[in-house]
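*Asks:* Fold the following for me, if possible:
(chains A, B and C)
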Amino acid sequence: MVLFFLPSQNIHKVGFTATKKIGNAVKRNRAKRRLRALFCEFSSILQDGTYIFVAKQSINEIAHEKLKDNFLKVLNHLKAVEKN
RNA sequence: CAGGUACAACAGAUAGAUACUUGAUAACUCAAGAGGAAAGUCCGAGCUGCUCUAAGACAGUGUUCCAUUUAACUAAUGGCCGUAGUAAUGCGAGGGAAAGUGCAACAGAGAUUAGACUUCCGCUUCUAGUUCGCUAGAAGAGGUAAAGGUGAAAAGGUGGUGUAAGAGACCACCAGUCUCUAUAGCAAUAUAGAGAGCUUGUAAACCCAACAUGGCAGCAAGAAACAGAUGGUCAGCGUCUUAAGGGGUAGGUAACGGUAAUUACACCAUAUUUAGCUUGUAGCUACUGUUUCGCUAGAAACACUAUGUAAAUGGUGUGGUAGAUUAAUGCUAUCAAAACAAAACUCGGCUUACGUUGUACCUAACUC
RNA sequence: GGUGCCAUCGCCAAGUGGUAAGGCCGCAGCCUGCAAAGCUGCUAUCCCCAGUUCAAAUCUGGGUGGCACCU
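*Replies:* Residues are numbered from 1 along each chain as shown, chains lettered A, B, ... in the order given. Presented below is the predicted three-dimensional model:
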């Protein structure tokens, strides 16, 4: 997945994107739902700002644990997680 | 056993922690929440707007065996005919080529009032032979559609009569077409009989006939409220010169420079361009933004029952808010054979994709 | 959600029922001492599946993929 992050005070906005390359409407909706569920899990420890998640082609083949690892890795890379 | 044909049913369950949409409630909470194809958008309707409309005709568009069903249909049901298959059963845009026009490549002698290349046939002329009856060869003007070969297709087929040779020219039987009569059937049609004429294909080529039909756009249709001010409109100012090309003014745009200054998008000059510019208005069938409505109880679904071969129709009963706008109905784990696939105004069909299970029926060949 | 259009060789494309033109690229040969240029030849299941027809790239129906417009 790809994450775009714009940090700013007192603004909370999230977007989830799934392009036609992923598959038909069922697969695209499932990709968005999985990302949304993961975001809700971590939303309490994130900084304020605007987030845009873009799903890539292999998202529907990957297992849940691996997707979770990737999700954390991407967040840490952009330093979006609040310390403590 | 195996293979096939038709029809029907279902479209996950359990657990965990935790979100979303709508409705009810003061709140806590409670209830409901995606398909058989929601898909393709191929037909037919409702609904909405615009346009049109006395009636009729022409044109356009569509349909095309018969009966029935339906709100309607190019749909469905049953039948007839044709066709594929051993069969169960499937498939069929299934009127007219004798109203007219067009087209039929290549090959072939000839392709639609057909045609003579090789055959076949007598006739005339010439030559040769002669048993003086004729025979053979060449040339000419004809006859012929029976044989050959070409082609998707050669103007019915077989047998006889007939003839110089032949020919539906005539006859018998057969195939096909049309008409009439009888019987069965509501009908398409089937069976039987009689007669006519002399029969290429193509109408998913133009066309003809019969029948039907206002047209176009589609909920991103359209309606209301609030806000805006692009067009329009009202008011004021301006609209010069030349025959024309062109030149010039107000106004617009702009680099360098200058002026001014708290700030400057101002002013000056210069360059370039060319008739509009400015202020108001919201009462306009043009326009922009937001919100609300349209929006879900419907020619509806399910169960039982009556009629009908069936599609379907009638009667009785039952239960019940999916209604969003980046778009909810989730996420994770386990089990399992789980596939195709996500509503966006709503219905009736068709088409295409696809997992599992069941029921009924068929069997030529193959295997035992 | 709705509406319309397109698909022919690797690329650009012509072709309104009768043997699928042409250009560029590529390959092979000729030419040349070697190349370039030039000349000759080769390369198509007309997106797929059915139907009508003697015959379909063309006509009809269905499917697949792509593009554009309405906001």
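*Asks:* buried sites along stretch A:44-58?
*Replies:* Neighbour-count burial for stretch A:44-58 flags A:46-47, A:49, A:51, A:53, A:55 (criterion: 16 or more other Cβ atoms under 10 Å). Where you see a C-beta, it was placed from the backbone N, CA and C, and this is true even at glycine.
*Asks:* just stretch A:22-40 next, same as before
*Replies:* If you call a residue buried by 16+ other Cβ under 10 Å, then stretch A:22-40 has these buried ones: A:22, A:28, A:30-32, A:34-35, A:38-39.
*Asks:* does any part of that stretch sit near RNA strand B?
*Replies:* Yes: for a cut-off given as Cβ under 7 Å from any atom of the strand, stretch A:22-40 has contacts with RNA strand B, namely A:24-26, A:29-30, A:32-34, A:36-37, A:40.
*Asks:* still on that earlier bit, please render the buried residues of stretch A:44-58 as TSV that adds distance to A:Lys68 and pLDDT to the earlier fields.
*Replies:* Compiled in TSV, the buried residues of stretch A:44-58 are given as follows (distance: Cβ to Cβ, whole Å; pLDDT from 0 to 100):
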residue	distance to A:Lys68	pLDDT
A:Leu46	15	76
A:Gln47	19	77
A:Gly49	21	75
A:Tyr51	17	79
A:Phe53	14	82
A:Ala55	15	80
